[in-house]
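Visitor: Everything below, folded, please.
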Amino acid sequence: MATIYRKAQGITIYLGEEDQGSDLAMKALEKATFLQVCAIRAKCTDPAKSQDPDVVALRNLFARPWFKRVWVLQEVRNGKFPVIICGPKTLPWRVFDNLTRFGFPRTFGLIPVPLDIRTVSRAEEMFDAEGLFRRLCKARVCLATDPRDKAFALLPLFSKVDGDGVKGFLPDHSRSTKDTFVNLAKYLLRSSEVGFSLLYATESHSSLEGLPTWVPDWSSIPGTQYI
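Guide: Residues are numbered from 1 along each chain as shown. A predicted model of the protein is given here:
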């Protein structure tokens, strides 16, 4: 899929159907300048204005499911000219790029990973353990139907994959989620750049039965409690 996205003349990203505030949000984004973004940020910190229609509309737009899915990362990372569609409204992705540089939509307490991924340097990147670990941590808040895809979906984000990287970690859906995460941890631990930093990604509880305590459960969302 990564090759298809890179060779495509354009990428269309569909956020979903129109709702009560989506048109208002898309219009606000289309006309947004640095000063307007600052004004919206000021409203967010003012309890009396945090429920203004434009603020609520934008908050709801960036909370849509598309921004939370892990597989969409390769769309925005590898696509040449992504275009956002929400209901009848269309916007070029560069509008979202500009807003990210203005510190938006972090204003809402939302950190959509696709926005961070797209604004990463476009320099050619070799697939290595350090880069994979960094993106695993960043994309941990993303959602995936198959927990293994929390790792597999990140591989297409790299422009180049070296031989050692291929041998070190490959997508293999014949393995269980637990085995996938254990093999991934072993690969990362062999890297001097990652090493014991891997332990900072572990949590005290995991939903995966039998997962070693030194292996991060990438399927868990930070802060989630399991009983």
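Visitor: Nearest residue to residue 88 in space, please, no chain neighbours.
Guide: Nearest residue to residue 88, sequence neighbours excluded (CB to CB, 6 or more residues apart in numbering): residue 18, at 6.3 Å. Bear in mind the C-beta positions are built from the backbone N, C-alpha and C, glycine included.
Visitor: List the residues that contact the spatially most central residue of the chain.
Guide: A centroid search over the chain (CA atoms, centre = their mean) returns residue 113, at 2.7 Å, as the residue closest to the centre. Neighbouring residues of residue 113 by CB atoms under 8 Å, 6 or more residues apart in numbering: 67, 70, 73, 138-139, 141-142.
Visitor: Pull out the buried residues from those.
Guide: Buried by 16 or more other CB atoms under 10 Å: 67, 70, 73, 138-139, 142, out of these.
Visitor: With distance to residue 42, secondary structure and pLDDT added, can I get those in JSON lines?
Guide: Below are these laid out as JSON lines (distance: CB to CB, whole Å; DSSP: H, G, I helix; E, B strand; the rest coil; pLDDT from 0 to 100):
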{"residue": "67", "distance to residue 42": "23", "secondary structure": "helix", "pLDDT": "86"}
{"residue": "70", "distance to residue 42": "33", "secondary structure": "helix", "pLDDT": "88"}
{"residue": "73", "distance to residue 42": "31", "secondary structure": "helix", "pLDDT": "83"}
{"residue": "138", "distance to residue 42": "28", "secondary structure": "helix", "pLDDT": "85"}
{"residue": "139", "distance to residue 42": "30", "secondary structure": "helix", "pLDDT": "87"}
{"residue": "142", "distance to residue 42": "30", "secondary structure": "coil", "pLDDT": "88"}
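Visitor: which parts of the lengthiest helix in the chain are buried?
Guide: Counting residues, the longest helix in the chain under DSSP state H turns out to be helix 177-189. Across helix 177-189, burial judged by 16+ other CB under 10 Å covers 177-178, 180-185, 187-189.
Visitor: how near is the closest residue to residue 222 other than its chain neighbours to residue 29?
Guide: Spatially, and ignoring its direct neighbours in sequence, residue 222 is nearest to residue 140 (6.1 Å; CB to CB, 6+ apart). For residue 140, the distance to residue 29 equals 27 Å [CB to CB, to the nearest Å].
Visitor: So residue 6 is in contact with residue 77, correct?
Guide: No. Look at residue 6 against residue 77 with CB atoms under 8 Å: they stay out of range, at 9.6 Å.
Visitor: Those two: which has the busier surroundings?
Guide: Per other CB atoms under 10 Å, whichever of residue 6 and residue 77 has more neighbours is residue 77, with 22 against 14.
Visitor: Pull the contacting residues for residue 219.
Guide: Residue 219 makes contact with 144, 147, 150, 177, 181, 207-208, according to CB under 8 Å, 6+ apart.
Visitor: how's this structure carved up into domains?
Guide: 2-118, 126-201 (automatic domain parsing).
Visitor: In TSV, list the contacts of residue 219 along with secondary structure.
Guide: Putting the contacts of residue 219 into TSV (DSSP: H, G, I helix; E, B strand; the rest coil) gives the following:
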residue	secondary structure
144	coil
147	coil
150	helix
177	helix
181	helix
207	coil
208	coil
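Visitor: JSON lines for the domains of the chain, including distance to residue 212?
Guide: As requested, the domains of the chain are exported to JSON lines (distance: least, CB to CB, whole Å):
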{"stretch": "domain 2-118", "distance to residue 212": "23"}
{"stretch": "domain 126-201", "distance to residue 212": "7"}
